[in-house]
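> predicted model, plus sequence, below.
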There are 2 protein chains.
Amino acid sequence: MARSGPKLTRIARTLGVSAATVSNALSGKGRVSAELAEKIRATAAELGYVPSLAGRALRTGRTAVLGLVLPDIANPLFPQIAQAIELAASSAGYGVLIADSRGDVATQTKAIERLIDRDVDGMVIVPRRGTRIADVGCPVAVIDTPSTPGNTVAADHWGGGRQIAEHLKALGHRRVLVIGNNPASNVQNDRIGGIRSAFGEAAFVEILWIEALEREAGKGCPLGLAEKVAEGFTAFACVSDLHALRALTELQRAGINVPEKASVTGFDDLIWSPVVTPALTTARMDMTRIAAIAVEALVKAIGERDPADAGIGAPVTAENAEVPMQLVVRQSSAAPPTTQFQPQTIANAGTTAPARTTAPARTTAPEGEHQS
Amino acid sequence: MARSGPKLTRIARTLGVSAATVSNALSGKGRVSAELAEKIRATAAELGYVPSLAGRALRTGRTAVLGLVLPDIANPLFPQIAQAIELAASSAGYGVLIADSRGDVATQTKAIERLIDRDVDGMVIVPRRGTRIADVGCPVAVIDTPSTPGNTVAADHWGGGRQIAEHLKALGHRRVLVIGNNPASNVQNDRIGGIRSAFGEAAFVEILWIEALEREAGKGCPLGLAEKVAEGFTAFACVSDLHALRALTELQRAGINVPEKASVTGFDDLIWSPVVTPALTTARMDMTRIAAIAVEALVKAIGERDPADAGIGAPVTAENAEVPMQLVVRQSSAAPPTTQFQPQTIANAGTTAPARTTAPARTTAPEGEHQS
DNA sequence: TATCGGTGATTAAACGATTAATCATGCGAT
DNA sequence: ATCGCATGATTAATCGTTTAATCACCGATA
């Protein structure tokens, strides 16, 4: 909608110069004497001049808009991502157009097409699990996981998994149930891979896939964690705080105290994690940094690109594709109970952390501290 | 970014007609013979013609973009809102530009200005609690609560509160703690107002403001609900599922079974509500309908508006400003325990629902049914 | 002195669509 | 036969910005 704001020619007329000169002065591109440039900038500011993006877009072929495509906008992580991307984009002078891919891959493709039709300069895509982003015809930053081919930047999910596992190992856990949602997710697989690799032979690790379970038992079905505790599992490492929350409440409901009788950990530090009781131990992504890197890479690619060609849309690459995760230790994890069933077959058991008779005093503040 | 797509003139040349005729045929505005129009549409489709939004925007002053301003993008309700708005907007031919107002009012104003500078045709604003939207210079749809002056469309939060209260009352609760966050929020006040009004004299209702408590005891502090249970409270009606979750876990942690010993209800049916144990009884907004009404009203206002004037930006009004909420009964609410402390001073106690010796069998499916 | 080069500014075209104004044409009515 | 009118299509201007090409001017060089 055309604002009231003055146009370029208005400033030009005011100063008795040509519109081109004003444009040059403001962009610093052409040849304009220093004093005139200054005068132009002054009056532009005074009149509250804001360039028309439409006019500029038409001429330059650049809309200064980025598209943001998310696997499922209902994802609880979405706020974090959107906020970070929006911040990074807006401070780089770009607007952010959202596109929801509501579930299936077809909709994701449609969403991408709509963005293309709207002439976005580039887009940030958090792909649906397992999806490979096809050539879209504009610069694309893919945020998935470092192990995914074509990934631009992402948190080091594997490393995050390792941190979680090291934490649990140090507390003395030797029988751990990893709770995932879907094995097709690259992110989840990396997190789980990290967990397994850090435990190595030091603990028995089993995996529970929620979606597989729910396909048989129905959505929202119990995960049967009480039985797992009876089997000797002392820790439940979930690939998302959403699952951790589910596990926590199910355990609590079964009368199993967390963290005294069983520890629960999550991922992503979602909104509720600090405020539930006990607050969730989790591994957090540095979305701000990830977003900054993604947008930076995108902006660079846009700058190098010839606006005329609708050339190849291969994902752009960034300097630091791998951003470390932060372990956030809160109250949901502690040493396993000493009366706990201790499997004899585990090699190296106890070499990392001696069993303690009592849970170590938590040194973290109520709100939870961060440690790398 | 300029796509490869053909331009208007390309189609015109292909058919040997003028660009104006093509434009007229495609928009159905000018006078074009039926057969020629058909031929033009055909070749346009065949060539995959997509109009340049930039060109059109420059000429018409319409960008076909709506802005979406949210109080705090980190709000867990955000996904629902964004998804609904995006859907409604895109099916009306509009794109959605997001703007984060990260907390304070100043940033909200800045965000709005940025959207204006980007020439959005209109915007949807979910105002920060208590904020009154000033004249922004373009059509605005405000989603707050029906009782707010200037509100365009919103859920009937008051009615939602009544439904929650009626539900609890019918279960037999007579001592209810309402848990809110901040008394400055219109939405929260309406929800609480509805709760109070439905209980009337039938129950003793107390309010706990979390922010006030946290100002003294620190963020994430315990709410002291076990003490409240000891005082005889049997139900905790929270103004958001986030608080309900906090209440639920705190109670569980204290060994107070939900719903046997205390009921917990929330609002908004947030992502975790169906999967925690016990699943949360809550009241849900029909965001799809709200978004549809908001966007419709906005589009209408945009259509009536003269693109030339940057006229008044008073919030647009919609037909049905009040969309009913849906009560979703799940497992977190049940009849209060019969051994419970029963205050003698309450009038009408027991007239609505006779005390039961055991919680009634839940007739709802595991996933939770909806009832109006 | 004629020329060259550099500087600072202007001109004019272009981006791609929309639309008011214009034009050509055929047909019915006067 | 001519005027008027409706119809169907074209012309040309316009939105606001950018930018390549051009121009005017001045000092220095050959």
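Received the coordinates, thanks.
> who's in contact with the residue nearest to A:L115 when sequence neighbours are not counted?
In space, and not counting its chain neighbours, A:L115 is closest to A:G67: 3.5 Å by Cβ to Cβ, 6 or more residues apart in numbering or on different chains. No exception for glycine: its C-beta is placed from N, CA and C like everyone else's. Counting by Cβ atoms under 8 Å, 6 or more residues apart in numbering or on different chains, A:G67 touches A:96-99, A:112, A:115, A:118, A:120, A:122-124.
> now do A:G67, the pLDDT please.
For A:G67, the pLDDT comes out at 97.
> quick check: bridge partners of it?
Listed beta-bridge partners, A:G67: A:L97, A:M123 (assigned using DSSP bridges).
> list the buried ones in the longest helix belonging to chain A?
Ranked by residue count under DSSP state H, the longest helix found in chain A is helix A:287-304. Within helix A:287-304, the residues scored as buried using 16 or more other Cβ atoms under 10 Å in any protein chain shown are A:287, A:289-302.
> with just CA atoms, put stretch A:133-146 into CSV.
Extracted as CSV, the C-alpha positions of stretch A:133-146 are listed here (Å, rounded to 0.1, in the frame of the first residue of the first chain):
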residue,chain,number,x,y,z
ILE,A,133,15.5,-30.2,-1.3
ALA,A,134,15.3,-30.1,-5.1
ASP,A,135,16.6,-27.3,-7.2
VAL,A,136,14.3,-24.4,-6.4
GLY,A,137,15.6,-21.7,-8.6
CYS,A,138,16.9,-19.3,-6.0
PRO,A,139,19.5,-19.4,-3.3
VAL,A,140,18.5,-21.7,-0.5
ALA,A,141,19.8,-22.2,3.0
VAL,A,142,19.0,-25.6,4.4
ILE,A,143,18.9,-26.0,8.1
ASP,A,144,18.8,-29.7,8.9
THR,A,145,21.8,-31.5,10.4
PRO,A,146,25.5,-31.4,9.5
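> that stretch near chain B anywhere?
Yes - against chain B, stretch A:133-146 shows contacts by Cβ under 8 Å from any Cβ of the partner chain at A:137-138.
> quick one: average pLDDT of that stretch?
On average, stretch A:133-146 scores 88.
> ok now it, how far from the chain's centre?
15 Å (Cα atoms, centre = their mean, to the nearest Å).
> same check, this time on stretch A:96-104
The answer for stretch A:96-104 is 15 Å, by Cα atoms, centre = their mean.
> need the contact partners of it.
A:65-73, A:82, A:85-86, A:89-90, A:107-108, A:110-112, A:114-115, A:118, A:120, A:128, B:65, B:68, B:82-83, B:86-87, B:95-98.
> the closest residue to DNA strand D within the stretch 151-300 of chain A: what's it in contact with?
Closest residue of the stretch 151-300 of chain A to DNA strand D, Cβ to the nearest atom of the strand: A:V299 (16.1 Å). Going by Cβ under 8 Å, 6+ apart, A:V299 touches A:92, A:94, A:122.
> one more time with 6 Å
A:A92 (Cβ atoms under 6 Å, 6 or more residues apart in numbering or on different chains).
> let me see the backbone angles for A:D286.
Dihedral pair for A:D286: phi -90, psi 80, per degrees, to the nearest 10.
> could you measure from it over to DNA strand C?
40 Å (Cβ to the nearest atom of the strand, to the nearest Å).
> A:E166 - nearest residue in space that isn't next to it in sequence?
A:A198 (5.3 Å).
> now that neighbour: which helix or strand?
helix A:186-199 (DSSP states H and E).
> ok, A:L248 next?
helix A:241-253.
> just A:N182 next, same as before
Using DSSP H and E, no helix or strand contains A:N182.
> quick one: the strands in the stretch 251-372 of chain A?
With DSSP state E, counting those that start in this stretch as the criterion, the stretch 251-372 of chain A has strands at A:263-265, A:282-284, A:322-323, A:326-329, A:369-371.
> actually, the stretch 51-200 of chain A.
A:65-70, A:95-100, A:122-125, A:140-142, A:154-155, A:175-180.
> one step back: and the contacts of stretch A:96-104, which are buried?
A:65-73, A:82, A:85-86, A:89-90, A:108, A:111-112, A:114-115, A:118, A:120, A:128, B:65, B:68, B:82-83, B:86-87, B:95-98.
> highest mean neighbour count out of the strands of the stretch 251-372 of chain A?
Highest mean neighbour count of these: strand A:263-265, a mean of 30 (counted as mean count of other Cβ atoms under 10 Å in any protein chain shown).
> for that one, packing partners?
Packing partners of strand A:263-265 (3 or more Cβ pairs under 6 Å, 6 or more residues apart in numbering or on different chains; DSSP states H and E): strand A:235-238, helix A:241-253.
> if you set the cut-off to 8 Å instead, what comes out?
helix A:157-171, strand A:235-238, helix A:241-253 (3 or more Cβ pairs under 8 Å, 6 or more residues apart in numbering or on different chains; DSSP states H and E).
> mind putting these into TSV with mean neighbour count and distance to B:R56?
What follows is those, written out as TSV (neighbours: other Cβ atoms under 10 Å in any protein chain shown; distance: least, Cβ to Cβ, whole Å):
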stretch	mean neighbour count	distance to B:R56
helix A:157-171	24	43
strand A:235-238	30	49
helix A:241-253	26	42
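> and these: which comes nearest DNA strand C?
Across these, closest to DNA strand C is helix A:157-171 (Cβ to the nearest atom of the strand), at 41.8 Å.
> and A:A12, how many neighbours?
18 (other Cβ atoms under 10 Å in any protein chain shown).
> nearest residue to it other than its sequence neighbours?
A:A19 (4.4 Å).
> what's the answer for A:N151, then?
Nearest one to A:N151, counting by Cβ to Cβ, 6+ apart, is A:D144 at 4.8 Å.
> residues contacting that neighbour?
So A:D144 contacts A:126-127, A:150-151, A:154, A:186-187 (Cβ under 8 Å, 6+ apart).
> buried subset of these?
A:126-127, A:151, A:154, A:186-187.
> okay if I get these as a markdown table plus pLDDT?
Below are the buried ones among the contacts of A:D144 laid out as a markdown table (pLDDT from 0 to 100):
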| residue | pLDDT |
| --- | --- |
| A:V126 | 90 |
| A:P127 | 87 |
| A:N151 | 91 |
| A:A154 | 96 |
| A:N186 | 92 |
| A:V187 | 94 |
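> which among those residues gets closest to B:A237?
A:V126 (36.1 Å; Cβ to Cβ).
> distance of the closest one from A:V140?
In this view, A:V126 and A:V140 are 11 Å apart by Cβ to Cβ, to the nearest Å.
> before we move on, what about A:S197?
Taking Cβ to Cβ, one finds A:S197 at 30 Å from A:V140.
> which one's more surrounded, these two?
Higher neighbour count among A:S197 and A:V140: A:V140, with 27 against 12, using other Cβ under 10 Å.
> contacting residues around the more buried one?
Counted by Cβ under 8 Å, 6+ apart, A:V140 has contacts A:122-125, A:133, A:152, A:298, A:313-316.
> filter these down to the buried ones.
A:122-125, A:133, A:152, A:298, A:313, A:315-316.
> and A:E35, which of the three is it?
Judged by DSSP: H, G, I helix; E, B strand; the rest coil, the three-state class of A:E35 is helix.
> which parts of stretch A:36-55 are buried?
Buried-residue list, stretch A:36-55, by 16+ other Cβ under 10 Å: A:37, A:40-41, A:43-44, A:49-54.
> shaky segments in chain A?
A:1-4, A:73, A:130, A:307-313, A:339-372 (pLDDT under 70).
> domains in it, by residue range?
Per automatic domain parsing, the domain ranges recorded for chain A read A:8-51, A:65-155+A:287-323, A:159-284+A:325-371.
> against A:A301, how distant is the closest residue to DNA strand C within the stretch 101-250 of chain A?
Nearest residue of the stretch 101-250 of chain A to DNA strand C: A:D119, at 9.6 Å (Cβ to the nearest atom of the strand). Going from A:D119 to A:A301 by Cβ to Cβ gives 16 Å.
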